[in-house]
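Peer 1: give me a model of this one.
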Amino acid sequence: MRDPGGTLMGEYVIAIDQGTTSTRAMVFDHGGGIVSTGQLEHRQILPRAGWVEHDPIEIWRNTGEVIGQALGKASITRHDIAAIGITNQRETAVVWDRSTGLPVYNAIVWQDTRTQPIVDRLSADGGPGRFAETTGLPLNTYFSGTKLAWILEHVEGARARAEAGELLFGTIDTWLLWNLTGGVSGGVHATDVTNASRTLFMDLETLQWDDEILAAFDVPRAMLPDIRSSSEVYGTAAPSSLLRETPIAGILGDQQAATFGQAAFDAGESKNTYGTGNFLIVNTGEEIVRSDNGLLTTVGYRLGDGPAHYALEGSIAVTGSLVQWVRDNLGLISTAAEIEEIAKTADDNGGAYFVPAFSGLYAPYWRPDARGALVGLTRFVHKGHLARAVLESTAFQTREVLDAVIADTGTPPTELKVDGGMTANDTLLQFQADILGIPVVRPVVAETTALGAAYAAGLATGVWSDLDELRANWKEDRRWEPDIDQAERDRLMRQWRKAVTKTFDWVDEDVS
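Peer 2: Purely as a prediction, here's the structure:
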């Protein structure tokens, strides 16, 4: 493979997948196959109830290490890599000093709920939908703009330094890009349209920061990164990097990246990612579709100078992280995979329903006052029933989001493409098909988040020529068909919705 000047290029693309619990580097070949992977977990810092933080320096160091792991396992060097793609946990916010490169505070994670007072203050004039017409988003602690506002208000000296032009803001993609391209020595301060669309600051139509919204949040515009497309050369890796001189050419927020990796490029195509949370995205093409049913309007992708493609998204805060909670906080399992084996000891949930509203409820309810509940318990219930309730909660939440998509679009899907770590759980996917009443389909490469970032980078550098070439890479691995009748499906959903109502109105002013 050669670039336009005739120089021989590398045959692989490497994707940096910076997620909520770990950082990975994955090397992909031209067929979209995984060549090698490096992965490291990072600490989950929980200073108090509702607060979730990460150490940006730890994440950056881990990024360098996992790149080395991936290159080493594949026995390749930077010369074999044509481009670098970045995908990331989207709404997690970092603020750092442009001259030292040091964060002024830990990264505040998308799950964090400490910013509710800021949300309440901004909602007092116009309600939660105050900026929705412009941004596609409700006012909620989920989005990174509220986290930036909190840092400026609560970190000593941060506002004065920001107004003096000393501080930079970014989501994790921006933090990694800036460091990869040199940091204090000329690092590129930019983000892509998908991550920008999750801040509460970007106008969906102009694809630029909105000055009126920034004024309402009291955020200096100079802190914010340039907004670029999802597929273009932003810069090259710095001389100190293992990938020095390699172009960084793709950035997509994790859920948009997974959609891209599933080759869901056109209006009406969709995917559901099963990770720390669940995220169902439906492509609406070049049309901005406003939701009347609790979904988010977001940017799906933009390639180079082409038009933006938009999407509706149903965001669920807690799915895979519920299994992690059962493992780490309760100690009932030692590995995530054990939850399926225990669930198989029961034929059903025994009447137990687990609503994991640990950070409130996201789509379609948007209830920050909700907290988790385990309901329907009797002496008949045993650990197998509880394990099923844990898994089923993911499927029930997905059904509610899909119902909202159908209400907004008027078009029921004929199948659901799925990806992410939890899709290794066959029991979950069978129940998902049962409760949806449509087939559930898993691709051969289930780690589509990293694949999507690789695709975006490869398109910008000539590794792949067009979207049709990427579509040809997608291959089905397995399909699950529904296996319960409509009456049983309706009964289960009626009980689930009743369980959800038990989580409402839990948080008072003196309860976090």
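
Peer 1: the top helix by length along the chain - contacts with which helices or strands?
Peer 2: As assigned by DSSP state H, the longest helix anywhere in the chain is helix 383-409. When contacts are defined as 3 or more Cβ pairs under 8 Å, 6 or more residues apart in numbering; DSSP states H and E, helix 383-409 packs onto strand 270-274, strand 278-285, strand 308-316, helix 320-328, helix 338-343, strand 353-355, helix 426-436, helix 486-501. All C-beta atoms are positioned from the backbone trio N, CA, C, and that covers glycine.

Peer 1: now the terminal residues of stretch 166-176, how far apart.
Peer 2: Taking Cα to Cα, to the nearest Å as the measure, stretch 166-176 stretches 19 Å from start to finish.

Peer 1: just the buried positions in that stretch, please.
Peer 2: 166, 167, 168, 169, 170, 171, 172, 173, 174, 175, 176 (16 or more other Cβ atoms under 10 Å).

Peer 1: burial count for residue 102?
Peer 2: A count of neighbours around residue 102, defined by other Cβ atoms under 10 Å, yields 10.

Peer 1: actually residue 494, not the one I typed
Peer 2: Around residue 494 there are 10 residues (other Cβ under 10 Å).

Peer 1: and the pLDDT at it?
Peer 2: According to the prediction, residue 494 has pLDDT 97.

Peer 1: return the residues in contact with it.
Peer 2: The contact partners of residue 494, taken as Cβ atoms under 8 Å, 6 or more residues apart in numbering, number zero.

Peer 1: give the buried residues for stretch 176-195.
Peer 2: By neighbour count, and taking 16+ other Cβ under 10 Å as the criterion, the buried residues in stretch 176-195 are 176-183, 187-195.

Peer 1: element containing the residue sitting furthest away from the middle of the chain?
Peer 2: Distance from the C-alpha centroid of the chain peaks at residue 379, with 38.4 Å (Cα atoms, centre = their mean). For residue 379, there is no host helix or strand (DSSP states H and E).

Peer 1: where's it relative to residue 312, distance?
Peer 2: Relative to residue 312, residue 379 is positioned 43 Å away (Cβ to Cβ, to the nearest Å).

Peer 1: low-scoring pLDDT stretches of the protein, where are they?
Peer 2: Applying pLDDT under 70 to the chain flags the ranges 1-9, 509-512.

Peer 1: circling back to that earlier point, and of the buried residues of stretch 166-176, the nearest to residue 345?
Peer 2: When the buried residues of stretch 166-176 are compared for distance to residue 345 (Cβ to Cβ), residue 172 wins out at 39.2 Å.

Peer 1: who does the closest residue to the closest one other than its chain neighbours form a beta bridge with?
Peer 2: In space, and not counting its chain neighbours, residue 172 is closest to residue 88: 4.0 Å by Cβ to Cβ, 6 or more residues apart in numbering. According to DSSP bridges, the residues that bridge with residue 88 are residue 18, residue 253.

Peer 1: residue 88: neighbour count?
Peer 2: 32.

Peer 1: wait, it touches residue 173, no?
Peer 2: Yes - the criterion here is Cβ atoms under 8 Å, and residue 88 meets it with residue 173 at 4.4 Å.

Peer 1: mutual contacts of those two, please.
Peer 2: The contact sets of residue 88 and residue 173 overlap at 18, 195, 251, 253 (Cβ under 8 Å, 6+ apart).

Peer 1: show me what contacts residue 276?
Peer 2: 19, 20, 21, 111, 318, 319, 320, 321, 324.

Peer 1: cutoff 10 Å now
Peer 2: Contact analysis of residue 276 by Cβ atoms under 10 Å, 6 or more residues apart in numbering lists 19-22, 89, 109-111, 254, 316-324, 420-422.

Peer 1: got it, and residue 407?
Peer 2: 291, 292, 293, 294, 295, 364.

Peer 1: can you check residue 355 too?
Peer 2: Counted by Cβ under 10 Å, 6+ apart, residue 355 has contacts 318, 322, 361, 370-375, 389, 393, 396-397, 496, 499-503.

Peer 1: can you select the buried ones from these in ChimeraX?
Peer 2: Remark: buried members of those, expressed as a ChimeraX selection using 16+ other Cβ under 10 Å:
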select :318,322,361,370,371,372,373,374,375,389,393,396,397,496,499,500,502,503
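
Peer 1: only C-alpha atoms, please: export the stretch of helix or strand residue 302 belongs to in PDB.
Peer 2: Per DSSP H and E, residue 302 falls inside strand 296-302. Below are the C-alpha coordinates for strand 296-302, written out as PDB (Å, rounded to 0.1, in the frame of the first residue of the first chain):
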ATOM      1  CA  LEU A 296     -30.700  11.900  22.600                       C
ATOM      2  CA  THR A 297     -30.000  13.600  19.300                       C
ATOM      3  CA  THR A 298     -26.300  13.300  18.500                       C
ATOM      4  CA  VAL A 299     -23.800  13.400  15.700                       C
ATOM      5  CA  GLY A 300     -23.100   9.900  14.300                       C
ATOM      6  CA  TYR A 301     -20.000  10.800  12.300                       C
ATOM      7  CA  ARG A 302     -18.500  13.200   9.800                       C
END
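
Peer 1: name the strands paired with it and say parallel or antiparallel.
Peer 2: Strand 296-302 has its sheet partners listed here by DSSP bridges as strand 308-316 (antiparallel).

Peer 1: the strand it pairs with vs strand 270-274, what angle?
Peer 2: Per axes from the mean of the first three to the mean of the last three Cα atoms, to 10 degrees, the angle that strand 308-316 makes with strand 270-274 is 40 degrees.

Peer 1: in strand 308-316, what counts as buried?
Peer 2: 308, 309, 310, 311, 312, 313, 314, 315, 316.

Peer 1: which residue is the nearest non-sequential neighbour of the first one?
Peer 2: Spelled out, that is residue 308. Here the residue nearest residue 308, using Cβ to Cβ, 6+ apart, is residue 302, at 4.4 Å.

Peer 1: I figured that neighbour hits residue 207, correct?
Peer 2: Yes - if you go by Cβ atoms under 10 Å, residue 302 and residue 207 touch, sitting 7.4 Å apart.

Peer 1: neighbour count for the two, which is higher?
Peer 2: Higher neighbour count among residue 302 and residue 207: residue 302, with 23 against 17, using other Cβ under 10 Å.

Peer 1: just the C-alphas of the helix or strand containing residue 257, formatted as PDB.
Peer 2: Assessed by DSSP H and E, residue 257 sits inside helix 254-261. What follows is helix 254-261, C-alpha atoms only, in PDB (Å, rounded to 0.1, in the frame of the first residue of the first chain):
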ATOM      1  CA  ASP A 254     -17.000   5.100  21.800                       C
ATOM      2  CA  GLN A 255     -20.700   4.500  20.900                       C
ATOM      3  CA  GLN A 256     -20.400   6.300  17.500                       C
ATOM      4  CA  ALA A 257     -17.200   4.200  16.900                       C
ATOM      5  CA  ALA A 258     -19.100   1.000  17.600                       C
ATOM      6  CA  THR A 259     -21.800   2.100  15.200                       C
ATOM      7  CA  PHE A 260     -19.200   2.800  12.500                       C
ATOM      8  CA  GLY A 261     -17.500  -0.500  13.300                       C
END
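
Peer 1: having no further points to raise, I will conclude here.
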